[in-house]
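> got a sequence here, can you build the structure:
(chains A and B)
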Amino acid sequence: MSVETLSLLSLACFAFGAVAAIMAFRVEALRSSLLQFGAAGFGMLFKTAAIGMACNESRTHFFNSPSEMVGLLAWSLGFSYLVALLIAAARSLGALIMPLVTVLGVVALFVSKESVGIDIPAQRLFAIHVLSAFLGYGLFLTACGASLLYLEQARLLKRKMFGLIFRDLPSLERLERLEMVCSWLGLVIFSVAMVTGAIMASESGRPFWLELKFLSAQVTWLVFLVMVIGRALRRLSGRTAAKCVLAGAALVLITLALGHPFGRPQAASSVNFSLRTHAAIHAERKLKFTLQRSSA
Amino acid sequence: MSAPSENTPALQHTLRLIGLSHHTAPVAIRERLAFRLEDQPRALSLLLARGCHEAAILSTCNRVEVLAVGRDPSVDVATLVRQFLAEFHAIPEKDFSSSLYIHHGVDAARHLFEVAASLDSQILGETEILSQSKEAYRIAAEVGSCGTVLRGLFERSFFLAKELRADGGIGRTQASVSSAAVQLAKKVFEIEGRKILVVGTGEMATGIVRALRSAGVGEVWVASRTAARAQEFAAQEGGKACDMAHLVDHLAAVDIVLVSSAAPHYIIGPSQIHAAAALRRGRTLCLIDISVPRNVDPLVNDIEDTYLYDIDDLEEVARDGRREREAVAERWRPRLAEESREILRKLSDRGTTDAAKRLIEHTVSLRQEILKQVRSSGLDARALEEIERALERMQGRLLHGPLETLKQAVRDGDGAEASAWITRLFRLEAQAAQDATGLNVDELTGPRSCKKADAPHSSAPDASSTKASSNV
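Residues are numbered from 1 along each chain as shown, chains lettered A, B, ... in the order given. Got it, this is the predicted structure:
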């Protein structure tokens, strides 16, 4: 099976999950966490296989084309949704997350698949950095989805609007718990991305901490840290905490836009500089090796 | 009372549902005609002895219904059951006859389907009736009064009831004020183990507290201006009485507040909630005020993390629920009517097949009987073989005509009449009675069938008879 076929299969699963999650507000038969879990689970399975196959085929670069980046974001969101289903059976969240995953999946099919970065051998540290950053983004955005649902349910409860959406949304407490768990998990995983990114950037010998991407990531990380600590200390709760998460999610989007080459020339970040250095070293080593073999 | 409506088969004339319910009779009559569970086997046996072929009794607090199949169309099942009810309960017939409804054939099946699906219940969509129907079916099956027809009908009714619940609306929404209160609280918290404070001991509070408790709410605190009444209520509901003077402290400690007092003014206002909120550290509070006039200031709802609902809000949730249930019920009624026509047609077709089967079995047993007599006459083996073959040929030719006619009759929609004639011409009634409960209804209702009601077939048909039977 080709990468495209697997991507299309995953897209079909995500699209089915999205339609089912939206229709579930009206159709009782679709109101099943298992159905959502199946759609998201199979979608993730195909998407993971597609990403794995793409990595295996390219060898020389890692998530460096706009298509791969968008696909990876869809994958991380799908993963976070599975986590949300596992910890809170928050099926209604699918009405927000699954359409987003589907749209990203479609975008990934149409945007450029050409690498805009530097062709480098796959580095373990870079792989960890990219994966943890994207998983962190996915979890933060899922927490943002839970916050949106929380705010909507709180509004409906306050205004006493007992319609279809009110009936199908989970309790405020469950949404709050989901928001909290996703933020915690996101924070831990995003910390890994921050550390690995800092290590790689430090190799460049440049003042990476002043770069916009790094600054934005730091602020995002800080906002979520304050939020989870505030919650743990019971200083933050309810709608205020939900709004905090929304602010954090806005920062996630800014960081994503600043830090990743979605169809524009490679961003001049220290990590990329470091990658270029690694690429140059690798090319030099390869040349030396070839010369040695030919002289032998 | 409904009359036979369609040109449907014999069951239209033999299947009857006679009963009364909360729609037609007050509780004073219903309670007099109710059957206790332990009396039902005896009652069913009596019904069978009086001429019912099959019978089942559904007796609940809201209805007493007898579903019966007459041995043949000449038996007036309705009168039989009416007299039986009067005699069994020692009540003059005139006391309840005006409250009785009698459904015939398809209408009886439709009514049974609607009852099992709780479309005829006082609270549309309640689940209790399905288990009560299952219990009625179980008892009838144990007694042996549940044959092919009732088994087919009951099993189909259970299947449809389940499907209807899965369709949504009926089971999802709340139809009473108590369940609406639980639903609202459940939208705020996961209510298991939550603490509830009951302020005042109004009558409606009991129902809501019980509903909340059965939903998993933990401790119940009761505060009232009259300490004795608080203690009484607390003892009754398994809670503990507390002092009204420390209301703010209680508000700080609990998650749900149910106010049901007769005070003519607000008992809880924003100042108390603000004072409690300082101690609550952001924990959400849900207040349900069912008092009229209201005892909680509506401004409380504007406070962050505090949700207030009054009796109108509960009514609205319940009304929405009832509306949605009604909509589902309206959507399902035509389907149930169609299903009842379909099942009766299928059951009647089974009747035709049974008649053919019994005819074949009858001739086979006659052949065997003659052969037995011939064998005892001392003829040699070759002659016996010839006679046996001749008898087999004769049986085949003899049956060809009636079976072909039966087949044609089924095609023309006269299967029931033809099978009734065949049963009469060949005097197959005795065999029919013996066979009554031994048919397989799996193809009508799926694999679930009551084994206890299965009676063994009178004789096992040989290969040729089975083949002939399957042709019909």
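> quick one: what helix or strand has B:A140 in it?
Assigned by DSSP states H and E, B:A140 belongs to helix B:128-143.
> ok, and what's touching that helix?
Helix B:128-143 is contacted by residues B:37, B:40-41, B:44-45, B:54-60, B:112, B:115-118, B:121, B:146, B:150-151, B:154, B:157-158, B:161-162, B:450, B:452-453 when judged by CB atoms under 8 Å, 6 or more residues apart in numbering or on different chains. Where C-beta positions appear, they are placed from N, C-alpha and C, glycine not excepted.
> for PyMOL, what selects the buried ones among these?
This is how PyMOL selects the buried members of the contacts of helix B:128-143, with burial counted by 16 or more other CB atoms under 10 Å in any protein chain shown:
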select buried, chain B and resi 40+41+44+54+55+56+57+58+59+60+112+115+116+117+118+121+146+150+151+154+157+158+161+450+453
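> which ones, among the contacts of helix B:128-143, also lie beside chain A?
Residues of these in contact with chain A (CB under 8 Å from any CB of the partner chain): none.
> returning to what we had before: quick one: mean pLDDT over whichever helix or strand comes after the helix holding B:A140.
Next in sequence after helix B:128-143, counting helices and strands by DSSP H and E, comes helix B:148-167. Per-residue pLDDT over helix B:148-167 has a mean of 88.
> report all helices and strands that helix B:148-167 contacts.
strand B:52-59, strand B:63-70, helix B:105-116, helix B:128-143, helix B:311-375, helix B:442-445 (3 or more CB pairs under 8 Å, 6 or more residues apart in numbering or on different chains; DSSP states H and E).
> how about the residue in the stretch 101-250 of chain A positioned nearest to chain B: what's its closest non-neighbour residue?
Residue of the stretch 101-250 of chain A nearest chain B, by CB to the nearest CB: A:S237 (3.2 Å). What sits nearest to A:S237 in space, not counting adjacent residues and going by CB to CB, 6 or more residues apart in numbering or on different chains, is B:G282, at 3.2 Å.
> quick one, phi psi at that neighbour?
Note on B:G282: backbone dihedrals following degrees, to the nearest 10 are phi 80, psi 0.
> got the CA coordinates for stretch B:149-165 in CSV?
Extracted as CSV, the C-alpha positions of stretch B:149-165 are listed here (Å, rounded to 0.1, in the frame of the first residue of the first chain):
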residue,chain,number,x,y,z
VAL,B,149,-48.5,-17.3,18.5
LEU,B,150,-47.8,-15.7,21.8
ARG,B,151,-44.2,-16.6,21.7
GLY,B,152,-43.8,-15.0,18.4
LEU,B,153,-45.7,-11.9,19.5
PHE,B,154,-43.9,-11.5,22.8
GLU,B,155,-40.4,-12.0,21.4
ARG,B,156,-41.1,-9.5,18.6
SER,B,157,-42.5,-7.0,21.1
PHE,B,158,-39.3,-7.2,23.2
PHE,B,159,-37.1,-6.8,20.1
LEU,B,160,-39.1,-3.8,19.0
ALA,B,161,-39.1,-2.2,22.4
LYS,B,162,-35.3,-2.5,22.5
GLU,B,163,-35.0,-1.1,19.0
LEU,B,164,-37.2,1.9,20.0
ARG,B,165,-35.1,2.7,23.0
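> so how far is it from its chain's centroid?
In terms of CA atoms, centre = their mean, to the nearest Å, the centre of stretch B:149-165 is found 8 Å from the chain centre.
> about what we covered before: now do the helix holding B:A140 against strand B:52-59, angle only.
Angle, helix B:128-143 to strand B:52-59, by axes from the mean of the first three to the mean of the last three CA atoms, to 10 degrees: 140 degrees.
> and helix B:128-143, how far from the chain's centre?
Put simply, helix B:128-143 sits 8 Å off its chain's centre (CA atoms, centre = their mean).
> in the helix or strand where A:G71 lies, what's buried?
Assigned by DSSP H and E, A:G71 belongs to helix A:66-88. Of the residues in helix A:66-88, A:66-85, A:88 count as buried by neighbour count, 16+ other CB under 10 Å.
> summarise which helices and strands it is packed against.
Using 3+ CB pairs under 8 Å, 6+ apart, helix A:66-88 is in contact with helix A:3-23, helix A:33-58, helix A:94-110, helix A:124-159, helix A:172-202.
> closest to B:E31 out of the ones you listed?
For B:E31, the closest of the helices and strands packed on helix A:66-88 is helix A:124-159, at 42.9 Å, according to CB to CB.
> just after the closest one, pick out the following helix or strand.
Downstream of helix A:124-159 (by DSSP H and E), the next one is helix A:164-168.
> residues from chain B in reach of chain A?
Residues of chain B lying near chain A (CB under 8 Å from any CB): B:166-169, B:172-173, B:184, B:186-190, B:281-284, B:301, B:304-305, B:307, B:309, B:313, B:316-317, B:320.
> filter those residues down to the buried ones, ChimeraX style.
To isolate the buried members of the residues of chain B next to chain A in ChimeraX, using 16+ other CB under 10 Å:
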select /B:167,168,169,172,173,184,186,187,188,189,282,283,284,301,305,307,309,313,316,317,320
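> any weak-confidence spans in chain B?
Where chain B drops to pLDDT under 70, the residues are B:1-10, B:168-175, B:413, B:416, B:429-472.
> what bits of the stretch 151-296 of chain A have low per-residue confidence?
For the stretch 151-296 of chain A, counting by pLDDT under 70, the residues that fall below are A:204-207, A:259-283.
> and the residue of chain A nearest chain B?
Closest point on chain A to chain B, by CB to the nearest CB, is A:E28, at 2.2 Å.
> where's that residue relative to A:L164, distance?
The gap separating A:E28 from A:L164 is 11 Å, by CB to CB, to the nearest Å.
> the more surrounded of those two?
A:E28 (17 against 12; other CB atoms under 10 Å in any protein chain shown).
> thought that one was touching B:D167?
Yes - assessed by CB atoms under 8 Å, A:E28 is found in contact with B:D167 at 6.1 Å.
> the helix or strand where B:R16 lies: how far from the chain's middle?
Per DSSP H and E, B:R16 falls inside strand B:15-21. Centroid displacement of strand B:15-21 relative to its chain, using CA atoms, centre = their mean, is 13 Å.
> for the next helix-or-strand element following that strand, packing partners?
Later in the chain than strand B:15-21, the nearest helix or strand by DSSP H and E is helix B:27-33. Applying 3+ CB pairs under 8 Å, 6+ apart, one finds that helix B:27-33 makes contact with strand B:15-21, strand B:63-70, helix B:77-89.
> counting by contacts, list what the helix or strand following helix B:27-33 packs against.
Once the chain leaves helix B:27-33, the next helix or strand it forms, by DSSP H and E, is helix B:40-49. Applying 3+ CB pairs under 8 Å, 6+ apart, we find helix B:40-49 packed against strand B:52-59, helix B:77-89, helix B:128-143.
> and the ones you listed: which comes nearest B:D255?
Closest among these, using CB to CB: helix B:128-143, at 29.7 Å.
> show me what counts as buried in the closest one.
B:129-130, B:132-133, B:136-141, B:143.
> relative to chain A, which of those is nearest.
B:L130 (17.3 Å).
> what's the spacing between the closest one and B:F158?
Applying CB to CB to B:L130 and B:F158 gives a distance of 7 Å.
> what residues does the residue lying closest to A:T240 once chain neighbours are set aside make contact with?
Among residues not flanking A:T240 along the chain, B:E304 sits closest, at 7.9 Å (CB to CB, 6+ apart). Contacts for B:E304 were tallied using CB under 8 Å, 6+ apart; they are A:238-240, B:277.
> so the residue in the stretch 1-150 of chain B that chain A sits nearest to, which of the three states?
Nearest residue of the stretch 1-150 of chain B to chain A: B:G125, at 12.4 Å (CB to the nearest CB). Of the three states, B:G125 takes coil according to DSSP: H, G, I helix; E, B strand; the rest coil.
> which residue sits closest to B:P92, ignoring its sequence neighbours?
Going by CB to CB, 6+ apart, B:P92 has B:A86 as its nearest residue, at 6.5 Å.
> just put the helices and strands packed on helix B:27-33 in TSV and tack on mean neighbour count.
Below are those laid out as TSV (neighbours: other CB atoms under 10 Å in any protein chain shown):
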stretch	mean neighbour count
strand B:15-21	25
strand B:63-70	26
helix B:77-89	19
